[in-house]
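Peer 1: predicted model and sequence below, questions to follow.
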Amino acid sequence: MDLHRLEIFCKVAELKSFTLAAEALLLSQPTVSEHIRTLEEMAGDRLVDRLGREVRLTPAGQILHRYAMKMLHLREEARQALADYRGELLGRLFIGASTIPGSYLLPQIIGVFKAEHPAIQITLRIANTIAIGEMVLKGEVGLGLLGSKWPEKRLRFEEVYTDELTLAVPPDHPFALKGEVQISELYGQPFILRERGSGTQMAVQEILNAHGLDFGKLSVVAEMPNTEAVRQSIKARVGLGILSRLAVAADLEYGTLRAVTIRGVELKRPIFLVQRLGRDLPPVYAAFGEFVRAGSRNASR
């Protein structure tokens, strides 16, 4: 199968849209549609379903997508291996990250890395921790930067950064006036949580449980799909939340939220660089991984 056609197919699958895929690839929509039609003829089956404005893969499409991604990654590995032989560093990086490292750490890291290696193209995918872990396992991204780890023997978790968490409340909340509370005072308070699979959520639960809090007895009023939704809900006085300090730094500076200390509890969690064990990655990934580690060492000085 033609690799260019498979690349178009994978872009349609990623963006779930013929129109968006055409825009991203600088092609016309009819051209994209024609390539997909040709692939379907070659496969002997329908590969995509159009559900309103959204495009979804059929079971046959999911099978082809899995192999197409492997073929495209193998092509990239070959290009990068030849570049490494010539003493060059180029190619494409597919990086995955959970919300906090993806939104607040990686943009600056990627910016500096790109300034040093302008020939490298970088694609960053942001989702919750569990989803990114699955992408690393499937080879959809080569490296991940995650806010939590779990018992997965196929993944290697390497601690590279430390993220400080904080209990955030509206400025007129009684906790804001006290500045510090006992952990037992969290019971009965309306709590806003991230969705299951969130690294922040898993870390918060682990820390509080370790200090004797029964997480299941908290009064949870809402679960939100991302950090921004939690932050805005706290500001709207829906409830309290424990978030990365990176996410609420501006609110704390301008006084739209207040940080409250939980007595005797250190709200910190590691950020992990994650890679699938036994998978050889192109040299550009090794270079980026070392760049992240060097940045971590500099930050800890």
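Peer 2: Everything's here; your move. A quick note: this is a predicted structure, and the numbers were derived from the prediction, not measured.
Peer 1: three-state assignment of residue 140?
Peer 2: State at residue 140, reduced to three classes by DSSP: H, G, I helix; E, B strand; the rest coil: coil.
Peer 1: hmm, it is touching residue 94, no?
Peer 2: Yes. Between residue 140 and residue 94 a contact is recorded at 6.9 Å, counting by CB atoms under 8 Å. (Glycine included, C-beta is placed from N, CA and C.)
Peer 1: which of the two has more neighbours?
Peer 2: More neighbours sit around residue 94 than around the other of residue 140 and residue 94, counting by other CB atoms under 10 Å; the figures are 21 against 18.
Peer 1: ok, how many other residues are close to the nearest residue to that one once chain neighbours are set aside?
Peer 2: Leaving aside its sequence neighbours, residue 94 sits nearest to residue 141 (CB to CB, 6 or more residues apart in numbering; 4.5 Å). Residue 141: 25 surrounding residues under other CB under 10 Å.
Peer 1: for residue 141, phi and psi?
Peer 2: phi -130, psi 150 (degrees, to the nearest 10).
Peer 1: which ones are touching it?
Peer 2: Residue 141 is in contact with 94, 95, 96, 125, 132, 135, counting by CB atoms under 8 Å, 6 or more residues apart in numbering.
Peer 1: residues near residue 226, how many?
Peer 2: Residue 226 has 17 nearby residues by other CB under 10 Å.
Peer 1: can you check residue 229 too?
Peer 2: Residue 229 - counted by other CB under 10 Å - has 17 other residues nearby.
Peer 1: against residue 243, how distant is it?
Peer 2: 11 Å (CB to CB, to the nearest Å).
Peer 1: that older thread, overlap in contacts of residue 140 and residue 94?
Peer 2: Residues touching both residue 140 and residue 94 by CB under 8 Å, 6+ apart: residue 125.
Peer 1: domain map for the chain?
Peer 2: Taking automatic domain parsing as the criterion, the chain consists of the domains 1-71, 160-270.
Peer 1: between the ones you listed, which gets the lowest average pLDDT?
Peer 2: Ranked by mean pLDDT, the domains of the chain bottom out at domain 1-71, with a mean of 89.
Peer 1: if we can go back for a sec, residue 82: which of the domains of the chain is closest?
Peer 2: Within the domains of the chain, the stretch nearest residue 82 is domain 1-71; the backing value is 16.0 Å (CB to CB).
Peer 1: of the contacts of residue 141, which is the most crowded?
Peer 2: residue 132 (29 neighbours).
Peer 1: residue boundaries of the strands in the stretch 201-301 of the chain?
Peer 2: Along the stretch 201-301 of the chain, counting by DSSP state E, counting those that start in this stretch, strands occupy 219-224, 241-244, 258-262, 268-276.
Peer 1: specify the helix with the largest residue count in the chain.
Peer 2: Ranked by residue count and defined by DSSP state H, the top helix of the chain is helix 59-85.
Peer 1: give the partner strands of the helix or strand just after that helix in its sheet and their orientations.
Peer 2: Remark: after helix 59-85, the chain's next helix or strand is strand 91-97, criterion DSSP states H and E. Using DSSP bridges, the strands paired with strand 91-97 in its sheet are strand 120-126 (parallel), strand 143-146 (parallel).
Peer 1: chain center to strand 91-97, what's the gap?
Peer 2: 11 Å (CA atoms, centre = their mean, to the nearest Å).
Peer 1: what's in contact with it?
Peer 2: For strand 91-97, the surrounding residues in contact (CB under 8 Å, 6+ apart) are 73, 76, 79-80, 83, 102, 105-106, 110, 120-127, 132, 135-136, 140-146, 282, 284-285, 288.
Peer 1: try 7 Å this time
Peer 2: 76, 79-80, 83, 106, 120-126, 132, 135-136, 140-145, 282, 284-285, 288 (CB atoms under 7 Å, 6 or more residues apart in numbering).
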